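**Student:** Generate coordinates for the sequence data below:
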Amino acid sequence: MENTLTTTKWVLDPAHSEVQFKVKHLVISTVTGTFNVFGGEIITENDDFENASINFSIDTNSIDTNQQDRNGHLKSDDFFSTEKYPTMNFVSSSFKKVSGNEYKLVGDLTIRDVTKSVELDAELGGIMVDPYGNTKAGFEVVGKINRKEYGLMWSAITEAGGVVVSDEVKLNINVQFAKQA
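**Tutor:** Here you go, the predicted structure:
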């Protein structure tokens, strides 16, 4: 009897997903931004997502911080250089169950022309069949990166010596995937 490996493809449902980041501003407050255009897929070999393969891409030009001037600055060469680097990409190298619905997600994150390995925490919110008969899986993914490691180098110091924008960026990604037939 042959051992056939069946894989399942899960495709991101952008209508029920969000990609947010938070950055300290002047050390005293936090600015939240979102990316409005993104896509991704998960390839699984079993039902618990262990060792799943994950690909995710973000349109850098879709950045939104609810402030047009700031959005423009973030799209410039000081930060994302969206004209030259229109997407940032993540490709998983490992997706391991830690316990229950908790996973460690490791992979290569590419921003601009820099690729670095990152480790993120992922929580499976559950698997559910929606009113239309589609099987959906939801994840919350959180982590931190240092923006300067990816060439987002712009910096300024206040008169008092305070940093205007912190180097640390917190990621908070809530995503829903639809199981493909």
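**Student:** Which residues does stretch 171-178 contact?
**Tutor:** Contacts to stretch 171-178, defined as Cβ atoms under 8 Å, 6 or more residues apart in numbering, come from residues 10-13, 16-22, 40-42, 120, 134-145. C-beta here means a position set from N, CA and C on the backbone, and glycine is covered the same way.
**Student:** Stretch 38-58 too?
**Tutor:** Under the criterion Cβ under 8 Å, 6+ apart, residues 5-12, 14, 17, 19, 35, 37, 59, 62, 87-92, 94-97, 103, 105, 107, 124, 137, 175, 177 lie in contact with stretch 38-58.
**Student:** cutoff 7 Å now
**Tutor:** Residues from elsewhere that reach stretch 38-58 (Cβ atoms under 7 Å, 6 or more residues apart in numbering): 5, 7-12, 14, 19, 35, 59, 87-92, 95-97, 103, 105, 107, 124, 177.
**Student:** any idea of the mean pLDDT for it?
**Tutor:** For stretch 38-58, the per-residue pLDDT values average out at 90.
**Student:** In that stretch, which residues are buried?
**Tutor:** Across stretch 38-58, burial judged by 16 or more other Cβ atoms under 10 Å covers Phe38, Gly40, Glu41, Ile42, Thr44, Phe49, Ala52, Ser53, Ile54, Phe56, Ser57, Ile58.
**Student:** Same check on stretch 73-82?
**Tutor:** Neighbour counts using 16+ other Cβ under 10 Å place Leu74, Lys75, Phe79, Phe80, Ser81, Thr82 of stretch 73-82 among the buried residues.
**Student:** Same question for stretch 90-100.
**Tutor:** By neighbour count with 16+ other Cβ under 10 Å, stretch 90-100 contains the buried residues Phe90, Ser92, Phe95.
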